Every structure is written in C-alpha cells, then in structure tokens.
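fold the stuff below for me.
(chains A and B)
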Amino acid sequence: SQQGEEDPQALSIQEGENATMNCSYKTSINNLQWYRQNSGRGLVHLILIRSNEREKHSGRLRVTLDTSKKSSSLLITASRAADTASYFCATDDYGQNFVFGPGTRLSVLP
Amino acid sequence: GAVVSQHPSWVICKSGTSVKIECRSLDFQATTMFWYRQFPKQSLMLMATSNEGSKATYEQGVEKDKFLINHASLTLSTLTVTSAHPEDSSFYICSARNRDLSSAWETQYFGPGTRLLVL
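Coordinates of the predicted model:
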C-alpha cells in the first residue's frame, strides 16, 4: 500500500529560486529517504534521514523530518535547470521494503 | 560502489511472448533484491522481494505465475514476464541493499530500469 504522499504533485519555479516538496506518511518508520528520477531513468538516492533525526543537509539539499506530524520536507536551494526531475520520498517501516509516494514533478525554468 | 545494472534497458515484444529482465549488483552481494513497476507519470510500486536461494515474496495483487522471479546468486535476480500483454508495458526497476556497508545498509540502490513495450 502507498504510504508516503508528496505535495505538491507538480511544481514549476524559476532558476535560482528555492523548491520545497513535502511528504506525509501514515505509520511508524525507521527512516525516510528521498530519491530523484530524471525522465525515463532510474532512481538516484539523495538523502536518508532516520526517525531520530530532525534535519539533514547535503549540498543544496535540506531535509527535515517531523515524526509527530509524520511528515518530511525536501528543500532545494538556488535551483538550477538541471534539477528538473521527479522527486520521491520512500519510507522504510523496519521491514524489508520501501513504500514510495506518488512523487513531485519539479520543473526549473531557465 | 554499490552499482546495480539491468539488462536489457529496453525491450519490445509481441503479445504472448515471455521477456526476461536481469538485475545485477556489480560490486556487492545482495541477499535481497526488489522489483518495482512504474507506469508513466506514476510512482514506483513494489511487485516482489527477491531472496537469494528462496522463493520471492509477492505483493498483493501481483500474479506470481505471471511474473517469475529467480534469485539464483548473490548478485543476480531475474524477472520473467510470461505471456506478456500490452497492459504489461511499463518501466521495471530493480533495487538491492548493500548489507556489507555498515554505514549505508539501509539504502536501496536502484538499477537504471527496463522499459518494456508489448505490442
């Protein structure tokens, strides 16, 4: 069953602006991960944040996790046209598999 | 490290034929691999979990007799779509966990995907 749900489903911004994507989930999790997918390609792992962590950074990426609200956000600062892709959150509920959200399609316009 | 490959990257076949897709972990051993299906503009849906040396675990609604999974070694899992039909046309993606990496064992590494088109 689908756990994570991204918001918004589609986002269009200008180059240089920040992009924020949100993910909500329903059950207890071990960790939450964000992935990027360019059109028609495989997934690239961006960040893993564990249930006992609140914030992580990686370059221009900032991920937050609020377990009380069962939500996470992915912030991309100073966006570039090359950031255009679909972004998915995936929750790991201590099991063997992930459950992916529907994804956010980000378009960064030059 | 932690590279996963898939072969073929795309395949076109006639309705009724069977198609085999390979998923390999190139530089690590993967006791567990996962198979996902992704329809256009949709998210990934887990089809099955492939365990080395044992039967795969299928998600609800996935026909195990139609999607045959064989995890013959620690680096290879295959998905065979039997008697393929146009509605099986999709993007199939495999992934694996590298349990040898103490710092990153929770991360799934994804293959580049296989696009299947059934005519």
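
alpha carbons only for contacts and neighbour counts from here, please
Fine.

just for chain B, where's the confidence low?
B:1-2, B:99-106 (pLDDT under 70).

by proximity to chain B, which residue of chain A wins?
Scanning chain A for proximity to chain B using Cα to the nearest Cα identifies residue A:42 as nearest, at 4.0 Å.

could you count how many residues lie near that residue?
21 (other Cα atoms under 10 Å in any protein chain shown).

then residue B:48?
The number of residues packed near residue B:48 is 25, by other Cα under 10 Å.

ok, now which ones touch it?
Applying Cα atoms under 8 Å, 6 or more residues apart in numbering or on different chains to residue B:48 gives the contacts B:34, B:35, B:36, B:56, B:57, B:58, B:59, B:62.

tell me the SS of residue A:47?
strand (DSSP: H, G, I helix; E, B strand; the rest coil).

isn't residue A:30 right up against residue A:92?
Yes: contact criterion Cα atoms under 8 Å: residue A:30 and residue A:92 qualify, at 5.6 Å.

for the two, indicate the residue with more neighbours.
Taking other Cα under 10 Å, residue A:30 and residue A:92 do not tie; residue A:92 has more neighbours (22 against 14).

which residues does that one bridge with?
residue A:31, residue A:98 (DSSP bridges).

low-confidence regions, chain A specifically.
In chain A, residues with pLDDT under 70: A:1-5, A:94-97.

show me what from it comes close to chain B.
Contact residues, chain A versus chain B (Cα under 8 Å from any Cα of the partner chain): A:41-45, A:48, A:88, A:96-103.

residue of chain B closest to chain A, please.
residue B:112 (4.0 Å).

how about that residue, secondary structure?
Residue B:112 is classified as coil under three-state DSSP.

quick one, phi psi at the nearest residue to it once chain neighbours are set aside?
In space, and not counting its chain neighbours, residue B:112 is closest to residue A:42: 4.0 Å by Cα to Cα, 6 or more residues apart in numbering or on different chains. Note on residue A:42: backbone dihedrals following degrees, to the nearest 10 are phi -80, psi -180.
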